[in-house]
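J.: mind looking at a prediction? Sequence and model below.
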Amino acid sequence: MCYVFVEHHRDNSTSNAPSDTEQDHEVALDLRAAGLSGAVNTVKSLFTNGAYVFTVLNVTCDGIVIDGIVSFGAKYFQQQFGLTAAMAGILVGQSI
């Protein structure tokens, strides 16, 4: 999340100055506008960064492969090599 801090000085010397609540509301609106445009720019720069995009794809594919091994690896070892369920589970657990 992108945070933007705006300097806020209160001048109590003039009587025509807006109240504290109005000033706080204006500052909140400025922060919201700056935060939204900053967030959009940040997301845009992330998705146009090739190294970031390929790293995310790599981690996602690795996660899918590991998920498949965890889910079906024990059953594969059981069927393919004639192991008991306990021994197949131990082998898959050690391989991860």
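T.: Perfect, thanks for sending it. None of the values given here were measured: they were computed from a predicted structure.
J.: so what does the helix or strand where Tyr52 lies touch, helix or strand wise?
T.: For Tyr52, the host element (DSSP states H and E) is helix 50-81. Applying 3 or more C-beta pairs under 8 Å, 6 or more residues apart in numbering; DSSP states H and E, one finds that helix 50-81 makes contact with helix 85-95. C-beta here means a position set from N, CA and C on the backbone, and glycine is covered the same way.
J.: quick one: contacts of the helix it packs on?
T.: 69-70, 73-75, 77-78, 81, 83 (C-beta atoms under 8 Å, 6 or more residues apart in numbering).
J.: can you flag the buried ones in those?
T.: Buried members of these, counted by 16 or more other C-beta atoms under 10 Å: 73-74, 77-78, 83.
J.: among those residues, which pair sits farthest apart?
T.: The span of the buried ones among the contacts of helix 85-95, defined through C-beta to C-beta, is set by Gly73 and Leu83 at 11.3 Å.
J.: ok so, going back, need the buried ones among the contacts of helix 85-95 in JSON lines with distance to Gly50 and pLDDT, can you?
T.: What follows is the buried ones among the contacts of helix 85-95, written out as JSON lines (distance: C-beta to C-beta, whole Å; pLDDT from 0 to 100):
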{"residue": "Gly73", "distance to Gly50": "33", "pLDDT": "90"}
{"residue": "Ala74", "distance to Gly50": "38", "pLDDT": "91"}
{"residue": "Phe77", "distance to Gly50": "39", "pLDDT": "92"}
{"residue": "Gln78", "distance to Gly50": "42", "pLDDT": "94"}
{"residue": "Leu83", "distance to Gly50": "44", "pLDDT": "93"}
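J.: still on that earlier bit, residues of the helix holding Tyr52 that come out buried?
T.: 73-74, 77-78.
J.: check stretch 80-95 too.
T.: Within stretch 80-95, the residues that qualify as buried are 83, 88-89, 92, counting by 16+ other C-beta under 10 Å.
J.: any low-confidence regions in this protein?
T.: Across the chain, the ranges flagged by pLDDT under 70 are 1-35.
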